[in-house]
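Colleague: just need the structure, nothing else, for what follows:
(one chain, ligands or ions: 1)
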Amino acid sequence: MSRYFLTTAIDYVNSQPHLGTAYEKVCADVIARYKRLCGFDTRFLMGNDEHSQNVFKQAAEKGLDPLAYCDLMEQVFRKTWARLDVSFDDFIRTTEPRHRTGVSEIAQRIYDAGDIYEGVYEGWYCVSCEEFKQEKDLVNGNCPLHPTLKPEWIREKNFFFRLSKYQRPLLDHFAANPGFLRPDVRRNEILRLIESGLIDVSMSRAGQSWGIPLPWDRSSVVYVWFDALINYASAVGLGNPADAEMFAKWWPADLHVIGKDITRFHAVIWPAMLMSAQLPVPRAIFGHGFMTLNGQRMSKTLGTIIDPIDAADRLGHDPLRLYLVKEIAFGGDGDFSWERYEERYNVDLANNLGNLVSRVASMAHRYRQGRLAPTGVGSDQLPRIGEQVVADYRKAMDSFALHEGAAAAFRLIDASNEFIAATAPWSLAKDPAAADRLGQVLFDAAEAIRLAAVLLEPIMPSSSREILRRVGAPVDGLNFDRDGRWHTGGERVLLNEGPLWPRKETSAVTEKPVPPDTPPAPAAVGAPALVPSAPQASPDPTAAGATPTAPPAGAAPGDRISIDDFMKVELRVAKVLAAEKVEKSKKLLKLSVDVGSEHRTLVAGIAEAYEPEALVGKTVVVVFNLKPAKLMGIESNGMVLAASPDGGKPTVVTFEAPPAPGTRVR
Ligand SMILES: [Zn+2]
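Modeller: Numbers count the residues shown, from 1 in each chain. Next up is the predicted model:
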């Protein structure tokens, strides 16, 4: 069995984990669970970084011995990861004896290789980053990552690591291993940095007691970054003869999942350290993006920190995991808002997946006493979609495009809802001649649910198990090769139980849920986000586009509408990515816009007022939850808001200081 060893960054314990910290652990957990599902002998390492001066200070402020403080914080971190169902196999603390052993081993090897020399470091040091800073990197004299903090000027005896010597070997390694650092944007950034020349880096600090002493000079400790990186190797037994077999089995790591801000340490310094120590370098590094809260940087001082336990308590840990994985392109930056979180919960889980499970179980009981078996009478439409989805999912997950993996699973769920609407089992049930057809329809729908649950297992482990249980499928010992494909045979006994994810009433989406066992209104199936009473785009191109002139249905002109009516119209900030004239139309422009969660195409009747090029880059407002409409053969998904004087040219609504795409307008 192939093995797979992956790690996350280890965390400073001077503050408790926030949602940004949790994002990394959840994504790494999804990869770990996916590898296990695929049959890899998987080892997933996480841990805490304790030898930081910040940790030492934090402990002193609380009147605690630093180690006692770290013990307390370990419990805080473990509790958070347990609440999020993060399935690490090993948790290392850098104060553990096994880590000291590993650090001493690598430091000594590098020293013996002649790559460490004594010198004096004089320069800036940001205590918050625990990082030496070059003058040119400071912004108004302050740390670029800590704009309110002036770094300390220090002058002390340091031992230096000859990083400069590894410029060529690193470039060669990058050239020979195109997948070494991902995504490509990080790889290019780091390649440019290496090409511009590397300077030697400090690997020790003088006059400190909190840390691991250098083997050859007990008056200095190993610099906290040099120390921290080694955790990945010390956790699998580096330097301990009793663990030689374990080390041989697990090193090098297959994947380090880290934040983009620490890519330089992981993709430059760490491999150079390993090369010097004559140890294999990790096979891949993935630098994920940052999370913002309502478009703002997460920061304690700004009050934009979210406790992941609060987020899990609000809607459940699986809905939170799904949000983090599905809504943020892995590798890019992403945003969290409570409103968007609840909205995705309602759309993806309450209305879509949860509703599908309930409806199929309910129909299975109503028409077949809960027992489903294939009859062979039907089309292979849904099975073909299932197989395609599996292929897309696998390709995405194998290349760490976790968001695309999640999206693939939801394509199968959407297709199943559409399949039910199209085949109308409630009508088949009225026709005795259609009994076999009905049996196959219900079996296929249940099979699609089973398959989707298998694909979602890495992302929503406990929900996946619950769904599998309800559709009468095996829950334990899942294996992708066996369970991750369309099954055509076997009897299923479905359980008809309550809703998996009860709807949350929020201001964002206010349509009523579809009752699980009644024929749905056509508009609600496969497009659960749509609000039936919102103004509709007219299919008539001359009336199309930019201006919502009709009041919401049910309100006569001049009548006041309630706030609830208004809230049904979901307005969002969007950025125009591309614009072009619609052929044979004087009025229409075709726009491609970024609405935060996705890119959309829409058609707007503003061609007489705007050249297409003038719109690109503009931030506008769109009606997000408008039903799609075909205009001049183009499907328009939304509507751009504009002021439209009678007989005059429209002016699109825009902003002085554009908010992030996806921001709600109301
Ligand atoms: Zn800093």
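
Colleague: the closest residue in space to residue 368 that isn't next to it in sequence sits in which helix or strand?
Modeller: Nearest-residue entry for residue 368: residue 442, 6.3 Å, with adjacent residues in sequence omitted and distances by CB to CB, 6 or more residues apart in numbering. In this view, the C-beta of every residue, glycine as well, is placed from N, C-alpha and C. Remark: residue 442 resides in helix 435-456, with elements defined by DSSP states H and E.

Colleague: could you list the buried residues of that helix?
Modeller: With burial defined by 16 or more other CB atoms under 10 Å, the residues of helix 435-456 counted as buried are 437-456.

Colleague: could you measure from residue 68 over to the ion?
Modeller: In this structure, residue 68 and the ion are 27 Å apart, going by CB to the ion, to the nearest Å.

Colleague: next: residue 312.
Modeller: Between residue 312 and the ion the computed distance is 30 Å (CB to the ion).

Colleague: do the same with residue 375
Modeller: 66 Å.

Colleague: pretty sure residue 434 is one of the things that residue touches, is it not?
Modeller: No - here residue 375 lies out of contact with residue 434, judged by CB atoms under 8 Å, at a distance of 10.7 Å.

Colleague: what residues are up against the residue of the stretch 451-600 of the chain at minimum distance from the ion?
Modeller: Among the residues of the stretch 451-600 of the chain, residue 596 lies nearest to the ion; the distance is 29.4 Å by CB to the ion. Taking CB atoms under 8 Å, 6 or more residues apart in numbering, we find residue 596 in contact with 335, 572, 573, 574, 660, 661, 662, 663.

Colleague: adding pLDDT, write those residues out as TSV.
Modeller: Formatted as TSV, the entries for the contacts of residue 596 read as follows, by pLDDT from 0 to 100:
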residue	pLDDT
335	95
572	90
573	90
574	91
660	81
661	84
662	85
663	84
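
Colleague: out of the residues you listed, name the ones that lie in helices.
Modeller: Taking DSSP state H as the definition of helices, the contacts of residue 596 contribute nothing to them.

Colleague: in strands, which of those residues appear?
Modeller: By the criterion of DSSP state E, membership of those in strands covers 335, 572, 573, 574.

Colleague: just flag the most distant two among the residues you listed.
Modeller: Taking CB to CB, the two most distant members of the ones in strands among the contacts of residue 596 are 335 and 574; they sit 14.3 Å apart.

Colleague: so those two - more neighbours on which side?
Modeller: Neighbours were tallied for residue 335 and for residue 574 using other CB atoms under 10 Å; the higher tally belongs to residue 574 (28 against 20).

Colleague: name the helices or strands packed onto the lowest-mean-pLDDT helix or strand in the chain?
Modeller: Counting by mean pLDDT, DSSP states H and E, the chain has its least confident helix or strand at helix 563-567, which shows a mean of 78. In this structure, helix 563-567 makes packing contacts with no helix or strand, judged by 3 or more CB pairs under 8 Å, 6 or more residues apart in numbering; DSSP states H and E.

Colleague: so who does the residue nearest to residue 376 when sequence neighbours are not counted touch?
Modeller: Closest residue to residue 376 in three dimensions, ignoring its sequence neighbours and counting by CB to CB, 6+ apart: residue 440, at 6.8 Å. Under the criterion of CB under 8 Å, 6+ apart, the contact list for residue 440 reads 374, 375, 376, 377, 378.

Colleague: what do you get for residue 54?
Modeller: The contact partners of residue 54, by CB under 8 Å, 6+ apart, come to 12, 14, 127, 128, 130.

Colleague: so the spatially closest residue to the fourth one that is not a sequence neighbour: helix, strand or coil?
Modeller: Setting aside the residues directly before and after it, residue 128 is nearest to residue 146 in space (CB to CB, 6+ apart), at 4.7 Å. Counting by DSSP: H, G, I helix; E, B strand; the rest coil, the backbone at residue 146 sits in coil.

Colleague: who's residue 297 bridged to?
Modeller: Beta bridges link residue 297 to residue 292 when assigned by DSSP bridges.

Colleague: shouldn't it be in contact with residue 304?
Modeller: Yes - Residue 297 is within contact range of residue 304, at 6.7 Å (criterion: CB under 8 Å).

Colleague: neighbour-wise, which of the two wins?
Modeller: Legend: neighbour count by other CB under 10 Å for residue 297 and residue 304, higher for residue 304 (18 against 11).

Colleague: so how far is the ion from that one?
Modeller: Between residue 304 and the ion the distance, using CB to the ion, works out to 18 Å.

Colleague: nearest residue to that residue other than its sequence neighbours?
Modeller: Nearest residue to residue 304, sequence neighbours excluded (CB to CB, 6+ apart): residue 293, at 4.4 Å.

Colleague: any idea how many residues pack against the one you found?
Modeller: Residue 293, neighbours per other CB under 10 Å, totals 20.

Colleague: hang on, the earlier thing: for the residue of the stretch 451-600 of the chain closest to the ion, give me the pLDDT.
Modeller: The model reports residue 596 with a pLDDT of 82.

Colleague: if we can go back for a sec, any chance of JSON lines for the contacts of residue 440, columns secondary structure?
Modeller: Output for the contacts of residue 440, formatted as JSON lines (three-state DSSP):
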{"residue": "374", "secondary structure": "coil"}
{"residue": "375", "secondary structure": "coil"}
{"residue": "376", "secondary structure": "coil"}
{"residue": "377", "secondary structure": "coil"}
{"residue": "378", "secondary structure": "coil"}
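
Colleague: kindly write the ChimeraX command that selects the buried subset of these.
Modeller: The following ChimeraX command selects only the buried members of the contacts of residue 440, with burial defined by 16+ other CB under 10 Å:
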select :374,378
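
Colleague: quick one: contacts of stretch 371-391?
Modeller: Taking CB under 8 Å, 6+ apart as the criterion, the residues outside stretch 371-391 that touch it are 364, 408-409, 411-412, 415-416, 419, 436-437, 439-448, 451, 455, 484-486, 488-494.

Colleague: and the furthest pair within the contacts of residue 596?
Modeller: In these, two members sit farther apart than any others by CB to CB. They are 335 and 574, at 14.3 Å.

Colleague: quick one on the thing from earlier: kindly state the pLDDT recorded for the residue nearest to residue 128?
Modeller: As predicted, residue 146 sits at a pLDDT of 87.

Colleague: can you count the residues close to it?
Modeller: There are 16 residues near residue 146, going by other CB under 10 Å.

Colleague: need the contact list for it.
Modeller: With contact set as CB under 8 Å, 6+ apart, residue 146 has these partners: 126, 128, 129.

Colleague: what's it sitting at in phi/psi?
Modeller: Geometry field for residue 146 lists phi and psi as phi -130, psi 80, criterion degrees, to the nearest 10.
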